[in-house]
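Asker: Dropping the sequence and predicted coords here.
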Amino acid sequence: MTRSATNGGRQRVWLAFAGIISGIGIWGTHYTAMLGYSPGLPTRFDTGMASLSIAATIVLSTAGWTFATSYRSDRWGGEAALGGLLVGLGLVAAHYIDMLGMSVAGHIYFDFDLVAKSVGAGLTLCVLAGWLVYGQRMKRYPVLASIALSLGILSLHFIGMAAIRILPDPTIIVTGSALGIEQLGGVVVTIAVAILSVGFAVAVYDRRLSGQSRLGAERLATSSAALRAIEEHYRFSIDANTQVPWVADATGAMIEIGPLAEVLTDMPIRALMGNGWRACVHDDDAPGLAANSPFEWREGAVIDSRYRIRQRNGKFRWFRSRGSARRSLDDGRLLWYGTLEDIDDQVRASAALSLSEQRYRLALQATDEAIWDWRHDTDWIDWSEAVGSQLGYLQAQAGTPLSWWSERLHPDDRTRVVQELDTALADGSTRWGSEFRFRKADDTYADVYSRGQIVRDDDGLPVRTVGAMLDISERKHVENNLRWTATHDALTGLPTRSLFSEQLAEALTVGGDTDERVGLILLDVDDFKMVNDTLGYAVGDASLRLLGDRLVKLVPASAIVGRLGGDEFGVILPGISAGEAWLASIAQMLAELNAPFVLDGQPINIKASIGGAVWPLDGATAEELLKSAAIALNSAKSEDRAAIRTFNGDMRVMIETQAAMLTQARAALENDRIVPYYQPKIDLATGAIAGFEALLRWNHQAYGLQPPSGIAAAFEDMSLAARLTDRMIDCVARDMHNWLAAGVNFHKIAVNGSAVDFLRGDFSDRLLGALHKADVPPSLLEIEVTESVFVGRLAKHVERTLNALSEAGVTIALDDFGTGYASLSHLRQFPVDVLKIDKSFVHKAAHISDDDIAIVRAVVGLAKTLKITTVAEGVETMEQAVQLRAVGCDLAQGYLFNRAVTAAKVAGLLDAPRFVVDREACQVLC
Ligand code: C2E
Ligand code: CA
Ligand code: CA
């Protein structure tokens, strides 16, 4: 038997005794009072009615006390007062039933006003008594309660008796089974004995119950110490617990709640007491709570509800309240004992989780990817629906073994894919991804991309891999098309230069693996421009297409044909034989290729030339091999039409020389061994110096000062040419600055520009900037450019740059005039100030030939009309100088006057006497 059940039973017994005792007591008090009431007439009491009154009193007072102690739903003690009222009613019943059972020799009249007062006073005082004992939660006032109860009994009785008037009537004979006044004493004595007996019985009963504990007094002492320890332990765990204990009455009204509630709910405890907590519950959750109420009125009932409670800041948090109905230890009332727990984080986390689960489910449905989940312990794969919708395997949605998947890999991809996967699993990777072909249900292959996340256990071993497989066939198709278009020529359908270079590199790798030579030939149509010009672009295009087709048919199947530029084709010939045989085979091919063909009924006779190179002899890399073949092609084209040249030793020497030049130029730049030398230009009319040309000289670490020819290739190299020009300009600007400062009148300094300079967008800025920095006016500088820059792709850049320089005051000289392809129209298009007639017209012999001087005369004449100054270069003899002056040439430059000198010697030259240009005088000073 549990302790609380023992207490509960004991309490019920006590209540019953209390009811009986107070019932008898009330009745006894009443009858004692009756003794004192003597109307002076024969009076008897009916025993039946007396029994009824005592029974009614006992029942009502027992009910009253029970009621008063069992319920505690509200803090104002309403039930306690009601219990008191029941006891009072017992009192009223005792008095008035007895009055009804009273027989007297006379007529009884009631003063109803006093009756009402007696009942009212009695009941009120009983209510007060009930309330004083049980109505207060914390305090009880048993003494005050008994006073109130006694006063209630007395006022009911005495006011009640005063309400009676008896008119004696001797005719009335009082008889029957009733007690006379004289018998009342005996009755009361009996009652007193009864009270004592009952009290004694109760005492004995109670003693028996508590005696059980007393028997084991020592045991109790030990147990209570243990109990205290347990209690302490319990309190600690309560303190540590985030659950708040609470006690509520049967209706759910909060009676007690742990102080932690204030922290958890952020509401003051008093706001939660009684039904206050209900007001804080979220409206949406209130109906759920209503289902729990009215609380079931039985022991052991449980409640478990979740609801949101409003915080002080107006926000809600989730709580879980669990409780069960138990009888109270102290008064046996049925109460709810429970705990309140903050489950907000939990609820929100699970809401977020279910949201993300839902999102995941939707995403699975929305995606075209077949999501897979492979458990490594069972080698089982679970697939998402897309394995059916995308790949056609409806059954696979139920899951497949791993082997099902690997069997469907394309045989050509299987080894690679499985190996990639194994590597990823073995090397600790967390990701794997691979592109491969996968067999669909309809037996066709889809290009798929599959990637997965590898989940590993604490030892790093893969336990699960989850990923997605996407059908990328469509994308692949588009990509392939795009790549094809980007890498193939639209006209002939042949690979373009970039793809061709890649294919060449691949072919060389294969050649390396198989130890075979790779041949490369470049073809260029001779005079193709003429075909375009004479027959039109449509015919030109058609001929190129025909040529391409023919080439593809002529070369072996293993060869790769590409279109590298306008009229240039390339052929890669893997596995060629050495020496003469290879040359013979391409000669044969070229002969067939150059056979005339008919286009739209029109015979077309176009011929191509070939340059060939062999790997690895003529170049180690694709780039080198292409360069060698291009050199061979150039050499072929310079000789004849439809010629074949293969790369040879001389060409190699040339290439090596060029490479050495670049190395030297780089070293000279890096070691600051570039110096400008200045060669004067002489005014043929006066013999005075009219300016200088700055010529590059560089110091070789072993051979000393060198002419620019030793690094000539650098003037054509993209980066070196610009660096050389910049260095020259900086040096020249510095020298000019010094001369200006020293008062040396150098007139004008010309600097040579190279074609590459015009490819840079910043050439004019760079040049003008250097002058500005040296504080030299731009009008003191001249820039010499060769005719080659005027033709071809560069023309637009050249025009813009020259105009910018010209506007800034820099004069422009056209160098080496007569050697290139420049037409005279260029003189109008570009801002040319000076024409430098190439030395090839002048210095071949001591006397300029009639033909040459005629050309010079024509040029000079033309220049004059255009207001362009003419300079003759390479003047070595006085005769040449006299001839040039005779045809009106303005200036002359050459060894006759001076070689180029250092900056330090420039002032001396200017101070020296003027030249006399005169056939007889011949260098005689004036
Ligand atoms: P260029 O611009 O035609 O320069 C004139 C060349 O003729 C110079 O050769 C000069 O020394 C040479 N020369 C002068 N008088 C005579 C003569 O009476 N007879 C003969 N046979 N030659 C004479 P250099 O200095 O060797 O320069 C050669 C070429 O190098 C220059 O030809 C020019 O094209 C280029 N060059 C020189 N310096 C530079 C430079 O700073 N930048 C660029 N881009 N090219 C330069
Ligand atoms: Ca020059
Ligand atoms: Ca020149």
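Answerer: On my side now, so go ahead. Ligands and ions are numbered 1, 2, ... in the order given.
Asker: List the buried residues for the regular element (helix or strand) spanning R857?
Answerer: The secondary structure element spanning R857 is helix 850-865 (assigned by DSSP states H and E). Using 16 or more other C-beta atoms under 10 Å as the test for burial, helix 850-865 gives 852-853, 855-857, 859-860, 863. Using the backbone N, CA and C atoms, a C-beta is placed for each residue, glycine as well.
Asker: now, which of those residues lie close to ligand 3?
Answerer: When contact is defined as C-beta under 5 Å from the ion, the buried residues of helix 850-865 do not meet ligand 3 at all.
Asker: Backbone dihedrals for the nearest residue to R857 once chain neighbours are set aside, please?
Answerer: Distance criterion C-beta to C-beta, 6 or more residues apart in numbering; nearest residue to R857, sequence neighbours excluded, is V887 at 4.3 Å. Main-chain torsions, V887, degrees, to the nearest 10: phi -90, psi 0.
Asker: residue contacts, V887?
Answerer: 853, 856-857, 860 (C-beta atoms under 8 Å, 6 or more residues apart in numbering).
Asker: Would you mind checking which of those residues is nearest to V244?
Answerer: V860 (114.2 Å; C-beta to C-beta).
Asker: could you measure that closest one against Q346, distance?
Answerer: 103 Å (C-beta to C-beta, to the nearest Å).
Asker: Could you do A559 as well?
Answerer: Distance from A559 to Q346, by C-beta to C-beta: 74 Å.
Asker: More neighbours: the two, which one.
Answerer: Per other C-beta atoms under 10 Å, whichever of A559 and Q346 has more neighbours is A559, with 19 against 13.
Asker: my read: that one touches P574, true?
Answerer: Yes. Using C-beta atoms under 8 Å, A559 makes contact with P574 at a distance of 7.3 Å.
Asker: Could you look up the SS state of the residue in the stretch 301-450 of the chain that ligand 2 sits nearest to?
Answerer: When scored by C-beta to the ion, the stretch 301-450 of the chain has E435 as its residue closest to ligand 2, at 59.5 Å. Under the three-state scheme (DSSP: H, G, I helix; E, B strand; the rest coil), E435 adopts strand.
Asker: swap in G493?
Answerer: G493 falls in the coil class when you classify it by three-state DSSP.
Asker: if you skip the residues just before and after it, what's nearest to it?
Answerer: Closest to G493 by C-beta to C-beta, 6+ apart is G548, at 7.6 Å.
Asker: Check the secondary structure at the one you found for me.
Answerer: From three-state DSSP, the assignment for G548 is helix.
Asker: which residues touch it?
Answerer: 491-494, 561, 563, 569.
Asker: If I look at it, what pLDDT would I see?
Answerer: Here the pLDDT value assigned to G548 is 92.
Asker: mind checking how far it is from R270?
Answerer: Counting by C-beta to C-beta - G548 and R270 are separated by 98 Å.
Asker: ok, which residues in the chain are in contact with ligand 2?
Answerer: So the chain meets ligand 2 at 752, 784, 815 (C-beta under 5 Å from the ion).
Asker: Identify the bridge partners of the first one.
Answerer: Residues found in beta-bridge contact with N752 (criterion: DSSP bridges) are E784.
Asker: now it: how far from E407?
Answerer: As for N752, its distance to E407 is 73 Å (criterion: C-beta to C-beta).
Asker: Compare the two (neighbour count), which wins?
Answerer: Legend: neighbour count by other C-beta under 10 Å for N752 and E407, higher for N752 (20 against 11).
Asker: I'd guessed that one sits against A694; true?
Answerer: Yes. In this structure, N752 is within contact of A694 by C-beta under 8 Å, at 7.4 Å.
Asker: Name the residues contacting each of these two.
Answerer: Shared contacts of N752 and A694, defined by C-beta under 8 Å, 6+ apart, are found at M728.
Asker: ok, S473 to T485 distance?
Answerer: As defined by C-beta to C-beta, S473 lies at a distance of 19 Å from T485.
Asker: residues of stretch 652-671 that come out buried?
Answerer: Under 16+ other C-beta under 10 Å, the buried positions of stretch 652-671 are 655, 658, 661-662, 664-666, 668-669.
Asker: Point out the residues in this structure that sit beside ligand 1.
Answerer: By C-beta under 6 Å from any ligand atom, the residues of the chain that approach ligand 1 are 679, 695-696, 707-709, 715, 728, 752, 754, 784, 815-816, 839, 843, 873-876, 893-895, 900.
Asker: How about residues contacting stretch 374-388?
Answerer: 364-365, 367-373, 393-394, 396-397, 399-405, 452, 462-466.
Asker: That stretch: how far from the chain's middle?
Answerer: 28 Å (C-alpha atoms, centre = their mean, to the nearest Å).
Asker: what pLDDT, on average, does that stretch get?
Answerer: 92.
Asker: Quick check: closest non-adjacent residue to P707.
Answerer: In space, P707 is closest to R697, 6.9 Å off (C-beta to C-beta, 6+ apart).
Asker: is it true that the one you found touches Y678?
Answerer: No. Using C-beta under 8 Å, R697 is not in contact with Y678, being 10.3 Å away.
Asker: quick one, which of those two is more surrounded?
Answerer: Y678 (23 against 19).
Asker: how about that one, what does it touch?
Answerer: 692-695, 735, 746, 749, 900-903, 905-906.
Asker: how about these in CSV, adding secondary structure?
Answerer: Formatted as CSV, those follow (three-state DSSP):
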residue, secondary structure
F692, strand
E693, strand
A694, strand
L695, strand
D735, helix
F746, coil
I749, strand
A900, coil
V901, strand
T902, coil
A903, helix
K905, helix
V906, helix
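Asker: which among those residues end up buried?
Answerer: 692-695, 735, 746, 749, 900, 903, 906.
Asker: Need these in a markdown table (columns: pLDDT).
Answerer: Formatted as a markdown table, the buried ones among the contacts of Y678 follow (pLDDT from 0 to 100):
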| residue | pLDDT |
| --- | --- |
| F692 | 98 |
| E693 | 98 |
| A694 | 98 |
| L695 | 98 |
| D735 | 98 |
| F746 | 97 |
| I749 | 98 |
| A900 | 97 |
| A903 | 97 |
| V906 | 97 |
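Asker: now, the most widely separated pair of those residues?
Answerer: Top of the distance list for the buried ones among the contacts of Y678 (C-beta to C-beta): L695 and F746, 14.7 Å.
Asker: before we move on, back to that, what separates the closest residue to the residue of the stretch 301-450 of the chain closest to ligand 2 other than its chain neighbours from M589, distance-wise?
Answerer: If the residues on either side of it in the chain are set aside, E435 comes closest to Y449, at 5.0 Å by C-beta to C-beta, 6+ apart. Distance, Y449 to M589, by C-beta to C-beta: 43 Å.
Asker: who has more neighbours, those two?
Answerer: Comparing Y449 with M589 by neighbour count (other C-beta under 10 Å), the higher total belongs to M589, at 22 against 16.
Asker: Show the model's pLDDT score for the more buried one.
Answerer: On the pLDDT scale, M589 gets 86.
Asker: The residue nearest to P707 pairs with what?
Answerer: Counting by DSSP bridges, R697 forms beta bridges with V675.
Asker: what do you get for I604?
Answerer: According to DSSP bridges, beta-bridge pairing links I604 with F597.
Asker: shouldn't it be in contact with S543?
Answerer: Yes. With contact defined as C-beta under 8 Å, I604 counts as touching S543 (5.6 Å).
Asker: between these two, what contacts are shared?
Answerer: 531, 597.
Asker: got a markdown table for the contacts of G548, with neighbour count, distance to ligand 3 and pLDDT too?
Answerer: Output for the contacts of G548, formatted as a markdown table (neighbours: other C-beta atoms under 10 Å; distance: C-beta to the ion, whole Å; pLDDT from 0 to 100):
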| residue | neighbour count | distance to ligand 3 | pLDDT |
| --- | --- | --- | --- |
| L491 | 12 | 42 | 90 |
| T492 | 21 | 43 | 91 |
| G493 | 13 | 47 | 91 |
| L494 | 22 | 43 | 93 |
| V561 | 21 | 43 | 95 |
| R563 | 26 | 39 | 94 |
| F569 | 26 | 38 | 95 |
